[in-house]
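In: coords below, sequence missing:
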């Protein structure tokens, strides 16, 4: 499966929310990168609901590895 290839290149671990956002959008300021990642999460069907079901709180400052995996599987590798 293709997602295994993705997982070999990107380290699935806990990330700060801004840290992960800047992995996806390195040219943007931290705040803009964070807002853009949030909009992508909201745009992807059911991703926000899946994250909440997995214990991700709306105001969490960290994404746990399970949340990072869901994001990468949905949006692709940064």
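Out: Now that the structure is in, tell me what you want to look at. What you are looking at is a predicted structure, and each value in this text was computed from that prediction instead of being measured. Residues are numbered from 1 along each chain as shown.
In: which residues does residue 36 contact?
Out: Residues near residue 36 by Cβ atoms under 8 Å, 6 or more residues apart in numbering: 21, 24-25, 28. Heads up, the C-betas are built off the backbone N, CA and C, glycines and all.
In: same check, this time on residue 26
Out: When contacts are taken as Cβ under 8 Å, 6+ apart, residue 26 is in contact with residue 33.
In: doesn't it belong to a strand?
Out: No: under DSSP: H, G, I helix; E, B strand; the rest coil, residue 26 falls outside any strand and is assigned coil.
In: from the contacts of residue 36, keep the buried residues only.
Out: Burial by neighbour count, 16 or more other Cβ atoms under 10 Å: within the contacts of residue 36 this picks out 21, 24-25.
In: out of those residues, flag the one nearest to residue 38.
Out: residue 21 (7.9 Å; Cβ to Cβ).
In: what residues are up against the residue nearest the centre of the chain?
Out: Centroid-nearest residue in the chain, with Cα atoms, centre = their mean: residue 71, separated by 4.0 Å. Residues in contact with residue 71 (Cβ under 8 Å, 6+ apart) are 20, 41, 47, 51, 63.
In: what stretches of the protein score poorly on pLDDT?
Out: Within the chain, the set of residues satisfying pLDDT under 70 comprises 1-8.
In: for the longest helix seen in it, buried residues please.
Out: If you go by DSSP state H, the chain has its longest helix at helix 30-43. Neighbour counts over helix 30-43 (16+ other Cβ under 10 Å) mark 33-34, 37, 40-41 as buried.
In: how far does it sit from the chain's center?
Out: From the chain centre to the centre of helix 30-43 is a distance of 9 Å (Cα atoms, centre = their mean, to the nearest Å).
In: now the strands for this protein?
Out: With strands called from DSSP state E, the chain shows them at 15-16, 62-63.
In: out of those strands, deepest packed?
Out: Highest mean neighbour count among the strands of the chain (mean count of other Cβ atoms under 10 Å): strand 62-63, with a mean of 18.
In: partner strands of it, with direction?
Out: Within its sheet, and counting by DSSP bridges, strand 62-63 is paired with strand 15-16 (antiparallel).
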